[in-house]
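Q: below are the sequence and a predicted model; questions follow.
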Amino acid sequence: MTTEDPKRSSSLDAPRDIGAARLAKVYAQAIVDAADRHQCQAEVLEEFTQIVEDVLPRVDNIASVFESPRISTSDKSALVRDTFSEKVLPITLNALLVLADHGRLGLLPELVVALRRELDRQAGKREAVLTTAHPITPDEQTAILKSVEGSLGESLTAHFSVNPDLLGGLVVRIEDTVYDHSVSTSLVSLADRLKQRSINEIQHRRDRLGST
Amino acid sequence: MKFNTDEIASVLREEIDRYQSGIDVREVGQVLEVGDGIARVWGLSGVMAGEMVEFPGGVTGLAFNLEENSVGVIILGDYLKVNEGDEVRSTGKLLSVPVGDAVIGRVLDPLGNPLDGKGPIATDLERPVETLAPGVADRQPVREPLQTGIKAIDAMTPIGRGQRELIIGDRKTGKTAIGIDAIINQKHSGVKCFYVAVGQKDSSVAVAIDVLRKHGAMDYTTVIVAGASVAAPLQYIAPYSGTAMAEHFMYNGEHALIVYDDLSKQATAYRQLSLLMRRPPGREAYPGDVFYAHSRLLERSAKLSDEHGGGSLTSLPIIETLEGEVSAYIPTNVISITDGQIYLQPDLFFAGQRPAMNVGISVSRVGGAAQTKAMKKVSGGLRLDLASFRELEAFAQLGTDLDAATQSRLDRGYCMVELLKQGQYQPLDIVDQVLSIYAGTRGHLDDVKRDEVAAWEAGFLTFVRDQTPEVRSRLEETKALDDETERLIEAAIAEYKRQIQGSKKPEPTLAGTT
């Protein structure tokens, strides 16, 4: 379980660039498979996460360097080799070098999201966002997550968020499916049913009047 | 209808008692980009092709393109209300429209929302907009006539119930008028009519609705409007939703007539959608499946077998050509799908021949099966005669001296052309049509001056109605032209001729003389 971390975006949000997300997924599958042979999937993910979240933001203009066509791939490879050799696992270094060779170093942020999702998928874990109307305590979070996992029969990587518009209740989103038990949605559906009932009433009376 | 307060409270109380807080389960996605009536959505991984999706604010959409990473959605409604990042939810339903008696007499948009300000459509009957056409086993051959009330059409290109007859021609050649006349003529036939206006000026649609109302045709007609100002997705689905409403009657053993005015505009709207969705363009930039868009629509017109109630849906699709170009992509497609076409020509129109139907290339592939016996007998050979007359006419213009036989054939041709002229919104009863065409084809009009044919015809029909009603009643009863009936008609014509010779000018007329 993870609590809401503003820096780490949920993979349930739409990617900025679908094409990049699609490419990153292919690289992520390859990297996860390669890491699987060396039994170091978690470490590789951790290293990629650190590179993207801790290292890259400290280097000015690094994104432009990665994306610039004026810097040759061999220069980029040399840069990666100089920076990371001996500091990361060989698998991670090789993956970075492959990315550099293919001119795809710009994909790193999307790659981390894809890696996390791929590992979750392999572990049978699904990502969930639980939204409540009011902030809740960590104890409550654990209890709610346990109960949701119990009723769905699967383990979840959970993020919690708050949306006062819900008025009350809980909304659980697991991948593309939303289980909505919020007060606001219930009110809307109640209104719909009342409206439908009035229409039926009008129709019923009209039919009755028409038949007599 | 007024509700009293107690009633509303009781409804509420009951509702609250029965209220169970169920969990609302839905599948969602997120709008990546939106514009020009379409949206690209991330997520919605389980959505079906053609499924209805909902944007915030009640705007509906239709899943149109299912791609590996995104879903292309066409927005049926105001796409300016949809924003990037909005949540899109799938509904698990196909797009449906209200159907049944509640839609009759109404003016609706393609989603079934009223546009005439006469309140909501009070019905819980719905039909999916896209359904499969009835199969071969569910059909029977077309044989009942659907009278359009237009002499030229009922005599030469008869339309049967369940047939698809294309009306094709340039702009301003009277295509819509034929559709409207056909609707007006269904007044006493019990056929429910649907007029689907696609991509037209709202002013033209208002005129059409006004005409229908003035002639009492709105009592059995539904108008589905997707004007030129609405978004392309609505123009694209309008014919399908109109068909869904009409099909309801067909599947309930009733008869329906639907006029699509016009399908070239629908094809243009579909082209716009497809190009925005980045489907590859083909000939004339139309997508590859534009043929299927029209064929699956028109295949839904059918005459059902008796086991299925024997209902029928007749369609009159309209196609507008540019400069008479029938070999363009959409016209050839629709010509090949339909069971015949009525071809209207501007030169005939401006020469005063209205309806401006080119007899030579207008056909009905159902043919005589969809005519009453009487009409079949009087009009047999009329089409070929007129076609050969056109040939002779061209020859005669060279100014050569003609022998008497040729001259008389020419005269007969001119006379028939005059006789087939008919005013707008003046559909004729089938019995009157038989009488007129009988008089013409049997040569009784040969001695009438060309500019007096219309007056002669109107006078004759009035005469038969007033003075020899037994001829009409016999024709109405038997619907056939046996020897006795022929004898009666001959006698009536002779008597009428005797009377007008006696008076200096023809009798005052009741029916249209234009």
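A: Great, that's in hand.

Q: okay, now the domains of chain B?
A: Structural domains of chain B, as assigned by automatic domain parsing, span the residue ranges B:28-95, B:102-118+B:136-370, B:378-502.

Q: before we move on, what about chain A?
A: Domain ranges of chain A: A:18-122, A:125-212, per automatic domain parsing.

Q: what is residue A:181 paired to in the beta sheet?
A: On the basis of DSSP bridges, residue A:181 is bridged to residue A:170.

Q: might you report the residue contacts of it?
A: A:169, A:170, A:171, A:172, B:21, B:23, B:24 (Cβ atoms under 8 Å, 6 or more residues apart in numbering or on different chains). The C-beta positions use only the backbone N, C-alpha and C, and glycine is treated the same way.

Q: any idea which of those residues is closest to residue B:120?
A: Proximity of the contacts of residue A:181 to residue B:120 was ranked by Cβ to Cβ; the top entry is residue B:24 with 24.6 Å.

Q: the contacts of residue A:181: which two are farthest apart?
A: The most widely separated members of the contacts of residue A:181, counting by Cβ to Cβ, are A:172 and B:21 (15.0 Å).

Q: compare these two and say which is more crowded by neighbours.
A: residue A:172 (22 against 12; other Cβ atoms under 10 Å in any protein chain shown).

Q: I'd assumed residue A:178 was in contact with the more buried one.
A: Yes - the criterion here is Cβ atoms under 8 Å, and residue A:172 meets it with residue A:178 at 7.3 Å.

Q: related to what we said a few turns ago, let me have the domains of chain B in JSON lines, adding mean pLDDT and distance to residue A:48 as columns.
A: Below are the domains of chain B laid out as JSON lines (pLDDT from 0 to 100; distance: least, Cβ to Cβ, whole Å):
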{"stretch": "domain B:28-95", "mean pLDDT": "91", "distance to residue A:48": "22"}
{"stretch": "domain B:102-118+B:136-370", "mean pLDDT": "95", "distance to residue A:48": "33"}
{"stretch": "domain B:378-502", "mean pLDDT": "89", "distance to residue A:48": "76"}
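
Q: out of these, which is closest to residue A:117?
A: domain B:28-95 (13.0 Å).

Q: now name the helix or strand holding the nearest residue to residue B:444 once chain neighbours are set aside.
A: Nearest residue to residue B:444, sequence neighbours excluded (Cβ to Cβ, 6 or more residues apart in numbering or on different chains): residue B:493, at 5.2 Å. If you go by DSSP states H and E, residue B:493 is part of helix B:483-502.

Q: any stretches of chain A with poor pLDDT?
A: Where chain A drops to pLDDT under 70, the residues are A:1-12, A:211-212.

Q: what's next to stretch B:230-242, contact-wise?
A: Contacts of stretch B:230-242 (Cβ under 8 Å, 6+ apart): B:36-38, B:62, B:74-77, B:79, B:95, B:97, B:109-112, B:129-130, B:194, B:196-199, B:222, B:224-226, B:258, B:260, B:263, B:265-266, B:269-270, B:272-273, B:297.

Q: of these, select the buried ones using a PyMOL command.
A: Under the burial definition 16 or more other Cβ atoms under 10 Å in any protein chain shown, those of the contacts of stretch B:230-242 that qualify are selected in PyMOL by:
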select buried, chain B and resi 37+38+62+74+75+76+77+79+95+97+109+110+111+112+129+130+194+196+197+198+199+222+224+225+226+258+260+263+265+266+269+270+272+273+297
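
Q: in helices, which of the contacts of stretch B:230-242 fall?
A: Among the contacts of stretch B:230-242, the ones falling in helices (DSSP state H) are B:263, B:265, B:266, B:269, B:270, B:272, B:273, B:297.

Q: what ranges does chain A have for its strands?
A: In chain A, the strands defined using DSSP state E lie at A:126-132, A:156-162, A:169-174, A:177-182.

Q: up against chain B, what does chain A have?
A: By Cβ under 8 Å from any Cβ of the partner chain, the residues of chain A that approach chain B are A:13-15, A:18-19, A:21-22, A:173, A:175-181, A:185-186, A:189-190, A:193-194, A:197-203, A:205-206.

Q: counting neighbours, what do you get for residue B:363?
A: Per other Cβ under 10 Å, the neighbour tally for residue B:363 reads 18.

Q: wait, it sits on residue B:340?
A: Yes - the pair residue B:363 / residue B:340 is scored as a contact, 4.8 Å apart, by Cβ under 8 Å.

Q: overlap of the contact sets of those two?
A: Contact criterion Cβ under 8 Å, 6+ apart; residues shared by residue B:363 and residue B:340: residue B:157.

Q: where is the longest helix in chain A?
A: Counting residues, the longest helix found in chain A (DSSP H) is helix A:183-211.

Q: what's the angle from that helix to strand A:169-174?
A: Here the directions of helix A:183-211 and strand A:169-174 differ by 100 degrees (axes from the mean of the first three to the mean of the last three Cα atoms, to 10 degrees).

Q: between helix A:183-211 and strand A:177-182, how big is the angle?
A: Using the same axes, to 10 degrees: helix A:183-211 against strand A:177-182 is 80 degrees.

Q: in helix A:183-211, what counts as buried?
A: Applying 16+ other Cβ under 10 Å to helix A:183-211 flags A:184, A:185, A:186, A:198, A:203 as buried.

Q: what's the answer for stretch B:477-489, then?
A: B:479, B:481, B:485, B:488, B:489.

Q: pull the distance from it to the chain's centre.
A: Put simply, stretch B:477-489 sits 32 Å off its chain's centre (Cα atoms, centre = their mean, to the nearest Å).

Q: would you map the helices across chain A?
A: Under DSSP H, chain A gives helices at A:18-37, A:41-50, A:62-67, A:73-84, A:90-101, A:108-122, A:138-152, A:183-211.

Q: ok, residue B:257 touching residue B:148?
A: No - in terms of Cβ under 8 Å, residue B:257 does not count as a neighbour of residue B:148; the distance is 9.3 Å.

Q: now list whatever residues contact both of these two.
A: Between them, residue B:257 and residue B:148 share the contacting residues residue B:182, judged by Cβ under 8 Å, 6+ apart.

Q: sorry, back to before: farthest pair within the buried residues of helix A:183-211?
A: A:184 and A:203 (29.1 Å).

Q: what's around the closest residue in space to residue A:62 that isn't next to it in sequence, how many residues?
A: Distance criterion Cβ to Cβ, 6+ apart; nearest residue to residue A:62, sequence neighbours excluded, is residue A:56 at 5.3 Å. By other Cβ under 10 Å, 15 other residues sit near residue A:56.

Q: one more: the one 10 residues further on?
A: The tally of other residues near residue A:66 (other Cβ under 10 Å) stands at 20.

Q: quick check: it vs chain B, distance?
A: Residue A:66 sits 23 Å away from chain B when distances are taken as Cβ to the nearest Cβ, to the nearest Å.
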